[in-house]
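In: attaching a predicted model along with its sequence, questions to come.
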Amino acid sequence: LLVPFCDNYSKLAVFCLVWGGFIAFHISLSPVIVCQFVGLELYSSGLGLSLMFRGITSLAAPPLMGAIRDFTSSFDGLFVISGICLIISALMHFSLMWINRPAKVEIDQTHKTNESHENPAALGV
C-alpha cells in the first residue's frame, strides 16, 4: 500500500529494507504456526499444503498482476491489491492467537520445588 508513495530511490530503498525485515518474520515463523495449528502428527502434511499453496500463488500472481496492469495501465492498483491481501493474511495469522490459545495451567501451591541448597549433581556423595 505504501509503494505508490515512494517517489524517489531513497524512499523505495527504506521501504524495501523495512519490508524485508518484516517479511522475514512471516517466512521464518510459518512452520511454527503450522505446527501449532495442526500439531506434530499432521505437521508434515500441513507444512506441505502450506508450501504448495504458497507455490501456486507465487506462480499465478505475476501473470495475473501483469494482466491487471495491462488492463489498467497503472501499477498503483496492483500495489493496493497486494497490500490488502497481505493485511488479510496478517489478520488471519494474528487471529490464530485467540483461536488456538493454549489452556492456562494452574500450579498447585503444595507441590513446590525443594528449596534446599543442595547440589543435585552431587548425588549425596
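Out: Alright, I've got the coordinates. Everything numeric here is computed off the predicted structure, so don't read it as measured data.

In: give me the number of residues near residue 26?
Out: Around residue 26 sit 13 other residues, with neighbours defined as other C-beta atoms under 10 Å. Backbone N, C-alpha and C define where each C-beta goes, glycine included.

In: what mean pLDDT does the helix or strand where it lies have?
Out: Per DSSP states H and E: residue 26 is located in helix 9-38. For helix 9-38, mean pLDDT is 84.

In: could you say what helices and strands it packs with?
Out: The contact analysis (3 or more C-beta pairs under 8 Å, 6 or more residues apart in numbering; DSSP states H and E) places helix 9-38 against helix 43-72, helix 76-99.

In: identify each buried residue in the helix or strand of the chain with the lowest mean pLDDT, please.
Out: Within the chain, judged by mean pLDDT, DSSP states H and E, the helix or strand with the poorest mean is helix 76-99; its value is a mean of 81. Neighbour-count burial for helix 76-99 flags 78-79 (criterion: 16 or more other C-beta atoms under 10 Å).

In: pull the distance from it to the chain's centre.
Out: Here helix 76-99 shows a centroid-to-chain-centroid distance of 11 Å under the convention C-alpha atoms, centre = their mean, to the nearest Å.

In: residues contacting the most centrally placed residue in the chain?
Out: Nearest residue to the geometric centre of the chain (C-alpha atoms, centre = their mean): residue 26, 3.1 Å. Residues in contact with residue 26 (C-beta atoms under 8 Å, 6 or more residues apart in numbering) are residue 93.
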